Every structure is written in C-alpha cells, then in structure tokens.
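A.B. asks: coords below, sequence missing:
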Ligand code: XMP
C-alpha cells in the first residue's frame, strides 16, 4: 500500500465516493481534512497523487478554506475537482466569477485540447454531472483549457508540465458517464501507479504486520455476530492464535435463535478463548421504563461497556482491544472544519471502552470497505451465513420496537422477523436487498379473523437497497410478495393482525426507526 493517493477534503458530500471509485480501480487512498495538510504530513504519506475534493464554499468569500501554495510545486500530480479546480485557479493567479444561477445536474462537455486525463473520451457530447455556483473566468498563466461545457463554462483546465489538472464537474458520481475513465487516467497515466491493491496481498501483509505489532501481547475482541467484528477476530486469530480472547455479550435483543447460532460458530473457532455472557435480564430491566430512542441507545451502549469491562477484568494482562472499524467509519469521523457533523443518532459501538479500560486499540480492517471485508472473510473461511447476513444494529431489536420494550414484544418481533426473512430467503430475494427487517409498532388495531373481531399489534416491514447504508431506497416488492408476506405473518404469529410496508427512502427517513 505504498503507492497511494491523498484526497484532501473540503467537505464535499462526494469525498467518500472519490475514495470508493479509486478503490474500485484497486488503488489505495487516504482522506485528510484540508487544514491538516502540511509538508511534514505530506512527507509521511508520500502520495503518488493528490486530489482536492469539492466543497460547499465559495473562493470569492475571503474566509473560504484554502491550501498552502507549496502543494502546486511538489511535482506530485494533482487533480482538483469542482472546488478543487477553483482552488488551483485562484491560487495560481486565475480569476473566478460568481454565477447568477447554480449549475446543478447534467451537462455536456466537449474536449477542445488533447489531455492525458481524457484519453479514451469522445470529442463531443460527453455527459457529466455539475454542482457549482462559481466558475472559472480567467485561467492562470501557463494553464490551458481542455474542455468546455454546452453552457459555455470552462469545464477543465491543466498545466501538464506541472502535472496540475482541474475538473469543474464530478467524475466520481454515477451520472458522469465514463467518469471512472478519467480517474483511471489520472491514477495510471498521470500518477503512474503500477502496484494495485490486491486483497490477497493485503491479507498476507496484514497478518505479518499484526504478528510484528502485537508480538506476545494479549488482545481482547468484542464479538457481535456481525461481519465486521467476526472478520476482525478471524484475522487476528490467524495472526496471534491463542493470544486472542473473544467476548460475546448477549443483550437479549438479537434475532430469533441468533445468539445460539453465532455463539456455536464462535465456540468452534475460538474454543476456550471464547466467552459468551448472557446479560439479557440486565439489559431488558434497564430498558423497561424507557421509550426515548436516544435514551435507549445510550443505556444499551453504557450497559454493554459495563458488562464487557466486568467480564474482561477476569482475563489478566490484556494490552489491546480489537475493533472492527472500517474505512468509511474513518472517513465519516473526520470532523470537517474541526466541528462535529450533525448527529442524527448515537451509534452504539464499543467507542467508550479503550479509554475506560486503558487499552491500546487495534483496528485491522480500517483500510477496507464493507464488500472487501466480506471478500476477506471468505478467504478466512468464515461461513456464508455469518458473512452475508444483512447488517444488524448494535442496539438490536430495542430500536425496532418504538416505545417501551418487554419480553413479550421482543418475542413477537423475533417471530415476525423470522417469518419475513425466511420468505425472502425462500424466494431468493434476500441477497437483492441490503437490509430487511420488521418493526413492532406501539399500536393495536381492529381486525376480523374467522368472523371474530381481533384487536392486535401492527407491524411494519422494511426492506431497502443501498451501497453503504448512507443513503437507501425502499425495495419495490411486487404485489404477490407483499400479500404473501402479510398473510404468512398474520396467519403464523398470534398477536399481529395488520402488516404495513415502509416505503420511505433515506433521506428523508433513516433505515432504522429509532
Ligand atoms: P440508519 O438507521 O442510521 O442506519 O439509517 C444505517 C445503518 O446503520 C445501522 N445502524 C447501526 N449499526 N450500531 C451499528 O453497528 C448502531 O447503533 C446502529 N444504528 C443503525 C443500521 O442497521 C443500518 O444498516
């Protein structure tokens, strides 16, 4: 991973997408906020190329974020995207103008000068995606215009001698046809990357790294049954064997039979070093009087830490805590402008643990995206049922029962969820969907069954498609599936007489209800 691209973040909603597109081309990248960039940092990263991202600001405002001009004289290829292009222009003596209207959406560009960046591109009518207010009025000396949009806007510039390139449009988004070709050209024709990111190499190097870094230290890992913690543990086990200790805290809020299923596989793998703690009574007691979603999440997170800490104290001489942090988690946690982004929900994870327990953290998956973690898991021989299950939130079913929870409601929801998920598996729909589950509503409604009046709970089912859970679309079932799911739930689960379908996308909804 020594040949990497540095993405300098100016707060664009697409920054993560740039990283993702680069990885699809099997190249490694690092995202860093613009205000952390200095010569020392650059030397330590030693990038093969630099990308300046887009961002919400205008360089025509004095206080807009900038970058030290030394970045243009390092002889490292540099690509500015949208705001990044405008930075190149502004800081190299060009001029920007404020447009009366924002150019947003599809545009067509024509290439007016041959450029390595556009190798393989058509001359005319290339569809791209624009999202900008300001545009280039006068290009800097020694730069050339390489393309123009159909709205007569300068859509790309370059100084090929200094390896500086700028695009007004976004090559990273889906709507820019062949945008990946531009990124490909930048990486391989301009930055001359020749060492691709291969998962087998990653696995081999990571195991060697973990062996060196951890040597004879003992490591503890919290398992949840989810993909990230499972792959983390399997990888560590391969590197350090019996110096890995795994704890699975059962909070009683898992799906039907899940606790037994996952702990059986873990037991088989980690043998004596696997500990299952049944803490369901404690969790459910603490939650029994609480209906506020944030309070529920906080109680679950705090109780988890207490239980885990207590159990781990029984193990002596532990130095490291392993966490299944992924690359998107790292990108998302970069505070743009030093301030936290708007919090929608507190996520339950083991974030509070390392500080409390005085442990060093090891995050062996922090360079990977979710799909790569699944591929890695396959290489580590983790079973398909553990690897390919839909994501499941840390606070479990508690956040799928709006309002107060109790044993009866949990059992009801587990049963409904099982009927729903079994149907999806039976009809081979399960793997077309990113995540599917049921929500038990705090509402009873009147129904009729066999000439009898019923007054029972309503459930909602939810199924979404997504790439990373950041945005999502509701899954479009056909009528036959919806009616079959509804009748199977009502006919099999006593206590439910109405099934609703949640057809809300994210945004404006979130995937979970709480
Ligand atoms: P939302 O509801 O925020 O969910 O749209 C996005 C994805 O994150 C999962 N999720 C969580 N995962 N701990 C987790 O590990 C949590 O506290 C948590 N809350 C939501 C959710 O299931 C979906 O996949």
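C.D. replies: Arrived safely, thanks for sending. Computed from a predicted model, the values in this text were never measured in an experiment. Numbers count the residues shown, from 1 in each chain.

A.B. asks: For the residue nearest to the spatial centre of the chain, which three-state class applies?
C.D. replies: The geometric centre of the chain, computed from its C-alpha atoms, lies nearest to residue 328 (C-alpha atoms, centre = their mean), at 4.1 Å. Secondary structure state of residue 328, per DSSP: H, G, I helix; E, B strand; the rest coil, is helix.

A.B. asks: Was I right to think it contacts residue 370?
C.D. replies: Yes. Assessed by C-beta atoms under 8 Å, residue 328 is found in contact with residue 370 at 7.4 Å. Every C-beta, even on glycine, is put in place using the N, C-alpha and C of the backbone.

A.B. asks: which residues do these two both contact?
C.D. replies: Each of residue 468 lies in contact with both residue 328 and residue 370 under the rule C-beta atoms under 8 Å, 6 or more residues apart in numbering.

A.B. asks: For the residue lying closest to residue 416 once chain neighbours are set aside, name its beta-bridge partners.
C.D. replies: Using C-beta to C-beta, 6 or more residues apart in numbering and skipping the chain neighbours, the partner closest in space to residue 416 is residue 438 (4.5 Å). According to DSSP bridges, residue 461 are recorded as the beta-bridge partners of residue 438.

A.B. asks: Give me the neighbour count for residue 438.
C.D. replies: Each residue near residue 438 was counted by other C-beta atoms under 10 Å, and the total is 28.

A.B. asks: Relative to the ligand, which residue of the stretch 151-300 of the chain is the closest?
C.D. replies: Ranked by C-beta to the nearest ligand atom, the top residue of the stretch 151-300 of the chain for proximity to the ligand is residue 297, at 6.3 Å.

A.B. asks: and that residue, what element?
C.D. replies: Element membership for residue 297, per DSSP states H and E: helix 293-312.

A.B. asks: What is that helix packed up against?
C.D. replies: Counting contacts by 3 or more C-beta pairs under 8 Å, 6 or more residues apart in numbering; DSSP states H and E, helix 293-312 packs against strand 244-250, strand 274-278, helix 280-287, helix 353-357.

A.B. asks: For residue 101, which three-state class applies?
C.D. replies: Of the three states, residue 101 takes strand under three-state DSSP.

A.B. asks: I'd like to know how far it sits from the ligand.
C.D. replies: Computed as C-beta to the nearest ligand atom, to the nearest Å, the residue 101 to the ligand distance reads 33 Å.

A.B. asks: Residue 395 contacts residue 295, doesn't it?
C.D. replies: No. Taking C-beta under 8 Å as the definition, residue 395 is not a contact partner of residue 295, at 11.2 Å.

A.B. asks: So between those two, which is more surrounded?
C.D. replies: Comparing residue 395 with residue 295 by other C-beta under 10 Å, the one with more neighbours is residue 395, at 26 against 12.

A.B. asks: check contacts around the residue of the chain most remote from its centre.
C.D. replies: Distance to the chain centre peaks in the chain at residue 451, reaching 49.5 Å (criterion: C-alpha atoms, centre = their mean). The neighbourhood of residue 451, defined by C-beta under 8 Å, 6+ apart, contains no residues.

A.B. asks: What confidence value was assigned to it?
C.D. replies: Reported pLDDT at residue 451 in the predicted model: 90.

A.B. asks: before we move on, what about residue 335?
C.D. replies: pLDDT for residue 335: 57.

A.B. asks: same thing with the one 5 residues further on?
C.D. replies: Per-residue confidence (pLDDT) for residue 340: 37.

A.B. asks: So what's the gap between stretch 33-42 and the chain middle?
C.D. replies: 24 Å (C-alpha atoms, centre = their mean, to the nearest Å).

A.B. asks: show me the contacts for residue 475.
C.D. replies: Each residue near residue 475 by C-beta under 8 Å, 6+ apart is listed here: 432, 433, 436, 463, 464, 465.

A.B. asks: Let me know the distance separating it from residue 436.
C.D. replies: With the distance defined as C-beta to C-beta, to the nearest Å, residue 475 ends up 7 Å from residue 436.
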